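In: Fold the stuff below for me.
(one chain, ligands or ions: 2)
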Amino acid sequence: MKAVHFGAGNIGRGFIGLVLSRAGYDVTFSDVNDTLVDAIQSRHAYTVSLADGSGEKIQVDRVDAIDGKNAQLVAETVAKADLVTTAVGVHILKHIAGALAQGIALRLQAERPAPLHVIACENAIGGSTQLKELVLGHLPAELHDAFGRYIAFPDAAVDRIVPIQHHEDPLHVTVEPFYEWVIDRSAMLPGFPDIEGVHYVDGLEPYIERKLFTVNTGHCTAAYHGYLAGRRTIQEAMASQPIRAEVRAVLEETGAVLIRKYDFPADEHARYIDKILDRFANPYLSDEVERVGRSPIRKLSPNDRLARPALLAMEYGLSYAHLAEAMAAALRFDNKDDAEAAEIQQSLQAEGLSATIARYTGLAEEHPIHDEVVRRYEAMRPREQA
Ligand SMILES: NC(=O)c1ccc[n+]([C@@H]2O[C@H](COP(=O)([O-])OP(=O)(O)OC[C@H]3O[C@@H](n4cnc5c(N)ncnc54)[C@H](O)[C@@H]3O)[C@@H](O)[C@H]2O)c1
Ligand SMILES: O=P(O)(O)OC[C@@H](O)[C@@H](O)[C@H](O)[C@H](O)CO
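Out: Residues are numbered from 1 along each chain as shown. Ligands and ions are numbered 1, 2, ... in the order given. Here you go, the predicted model:
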């Protein structure tokens, strides 16, 4: 079985590539990073360590790589694959859609096209569905019918903390022991063999919202408050009692929303939160606040981990004060190396606070959550004075 995985980065090598390889797939990574592609092409293997103090290394074999900048080669590789996965970043999906569509077109020209599943493993609601729309935009109308019959894009939720790596070997990757990969079976074609290590469900929404509004809401809260307090990593941030308490408070707000929306048992959800707080504090990981807080425009956007649970909380008459505090801290994430953070700072200077909140969160000026973010932003000290 052949899999093409877009993105040989941290989650690509440390999670998806590892699981697929163990499940019996020959994995070909497509990436635009020449260092990664060259190293995989020359060694056809890499190692993964679990951040549990054991020092044990897992060998991943039978891997290959292609240059993601070569659209023709990417298309030909996709045409021969049994499975396509991605972990490139949701904003990059539009850049891979053209070559993916070209590969799908090649498959659909066959007399009896082989079915294909394309699974986006990104931190977003409906990542595969978004990719499907992008791919459709590149396909001629006469292929749309066959596309609907032979190509499926089941949505997925992926959870494993993989920090930015700092090893001499560019392929080695250290990951947390925990992982969870959930795929929406109801969107799959019949006859596809289960991937060992994947949890299949009918209907992904509760799983992706639970993951995004707990792991990722809590994570970015730790990152933004940690950044403001001058902490370098999430582990250092979580060692601060006030920050840990703020992260827990945010997760109690999103937890109340999730319990109300999905009827999750409260005691089970409380254990889920406790486990996540412990994962953030894992002493064997060093995860920089800049990585976890990266792309604040995406994180503040209406359908993502801060604004969406706050809106749901308001709709249900629940508290959103700590979510508003996290949004205010995101607006003060003044990391010059992050293009989205720089854009927010520029907007704050040029347009002012209210217009910036409205533009990036979609919360208009008179909205109660907007007002709460304004109050909290104004009461918050910037990083220099923290
Ligand atoms: N790191 C984590 O803890 C984690 C966990 C769960 C989900 N995710 C999600 O996985 C995705 C990737 O995150 P990451 O941390 O691995 O990032 P990363 O930057 O380590 O990896 C992304 C990879 O995509 C490659 N890439 C960029 N443009 C490309 C293109 N046009 N074609 C092919 N490859 C391209 C980059 O070169 C890089 O190697 C994101 O959506 C992230 O939210 C990350
Ligand atoms: O990848 P992002 O930028 O959406 O979010 C940063 C981290 O919260 C994220 O990568 C987590 O480490 C991951 O989602 C854990 O499963």
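In: Let me see the mean pLDDT of stretch 50-58.
Out: In this model, stretch 50-58 carries a mean pLDDT of 93.
In: so P154 touches D184, yeah?
Out: Yes - the criterion here is C-beta atoms under 8 Å, and P154 meets it with D184 at 4.5 Å. Any C-beta I mention is one placed from the backbone N, CA and C, and that applies to glycine too.
In: So those two - more neighbours on which side?
Out: Between P154 and D184, D184 has the larger neighbour count (other C-beta atoms under 10 Å), namely 24 against 21.
In: From ligand 2, how far out is the more buried one?
Out: 18 Å (C-beta to the nearest ligand atom, to the nearest Å).
In: Could I get the contacting residues of that residue?
Out: 154-156, 200-204 (C-beta atoms under 8 Å, 6 or more residues apart in numbering).
In: any idea which of those is the one closest to ligand 2?
Out: Nearest to ligand 2 among these, counting by C-beta to the nearest ligand atom, is A156 at 12.0 Å.
In: So what's the residue count around the closest one?
Out: 23.
In: circling back: mind listing the shared neighbours of P154 and D184?
Out: Shared contacts of P154 and D184 (C-beta under 8 Å, 6+ apart): L204.
In: shaky segments in the stretch 251-386 of the chain?
Out: Per-residue confidence for the stretch 251-386 of the chain (pLDDT under 70) gives these ranges: 384-386.
In: ok, 50 please
Out: 386 (pLDDT under 50).
In: the helices in the stretch 101-250 of the chain, which residues?
Out: 127-136, 144-150, 205-211, 217-228, 234-238, 241-262 (DSSP state H, counting those that start in this stretch).
In: Oops, could you answer that again for the stretch 251-386 of the chain instead?
Out: Under the criterion DSSP H, counting those that start in this stretch, helices of the stretch 251-386 of the chain are mapped to 266-280, 289-292, 296-300, 307-315, 321-331, 339-351, 353-361, 368-379.
In: From the contacts of D184, which land in strands?
Out: Judged by DSSP state E, strands contain the following of those: 156, 200-201.
In: got the contact list for K57?
Out: 47-49, 172.
In: Only the buried subset of those residues, as a PyMOL command please.
Out: Only the buried members of these enter the following PyMOL selection, criterion being 16 or more other C-beta atoms under 10 Å:
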select buried, resi 47+48+49
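In: List just the nearest of the contacts of K57 to D337.
Out: Ranked by distance to D337 (C-beta to C-beta), the contacts of K57 are led by H172 at 23.9 Å.
In: Near ligand 2, which residues of this structure are found?
Out: With C-beta under 6 Å from any ligand atom as the criterion, the chain meets ligand 2 at residues 123, 159-161, 215-216, 219, 292, 294-295.
In: Ligand 1: which of those residues is nearest?
Out: Scanning the residues of the chain next to ligand 2 for proximity to ligand 1, where the rule is C-beta to the nearest ligand atom, the winner is N123, at 3.5 Å.
In: Quick one: residues contacting the closest one.
Out: N123 makes contacts with 90, 158, 212, 216, as judged by C-beta under 8 Å, 6+ apart.
In: Tell me if I'm right that the last one and R305 touch.
Out: Which is N216. Yes - N216 is in contact with R305 according to C-beta under 8 Å; the separation is 4.5 Å.
In: related to what we said a few turns ago, distance to ligand 1 added to the residues of the chain next to ligand 2, as JSON lines?
Out: Below are the residues of the chain next to ligand 2 laid out as JSON lines (distance: C-beta to the nearest ligand atom, whole Å):
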{"residue": "N123", "distance to ligand 1": "3"}
{"residue": "D159", "distance to ligand 1": "6"}
{"residue": "R160", "distance to ligand 1": "6"}
{"residue": "I161", "distance to ligand 1": "5"}
{"residue": "V215", "distance to ligand 1": "8"}
{"residue": "N216", "distance to ligand 1": "8"}
{"residue": "H219", "distance to ligand 1": "9"}
{"residue": "V292", "distance to ligand 1": "8"}
{"residue": "R294", "distance to ligand 1": "9"}
{"residue": "S295", "distance to ligand 1": "9"}
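In: Would you mind checking the residues you listed for buried ones?
Out: By neighbour count, with 16+ other C-beta under 10 Å, the residues of the chain next to ligand 2 hold 123, 159-161, 215-216, 219, 292, 294-295 as buried.
In: Spatially nearest residue to T47 (excluding sequence neighbours)?
Out: Counting by C-beta to C-beta, 6 or more residues apart in numbering, T47 lies nearest to K57, which is 4.5 Å off, once chain neighbours are set aside.
In: what's the distance between that neighbour and ligand 1?
Out: Taking C-beta to the nearest ligand atom, one finds K57 at 19 Å from ligand 1.
In: just the strands in the stretch 51-200 of the chain please.
Out: 57-60, 63-67, 83-86, 116-120, 151-152, 156-159, 173-175, 180-184, 199-201 (DSSP state E, counting those that start in this stretch).
In: Quick one, grab the pLDDT at the residue positioned nearest the centre of the chain.
Out: Nearest to the mean C-alpha position of the chain, counting by C-alpha atoms, centre = their mean, stands N123 at 2.3 Å. pLDDT for N123: 97.
In: Pull up the gap between it and V88, please.
Out: 12 Å (C-beta to C-beta, to the nearest Å).
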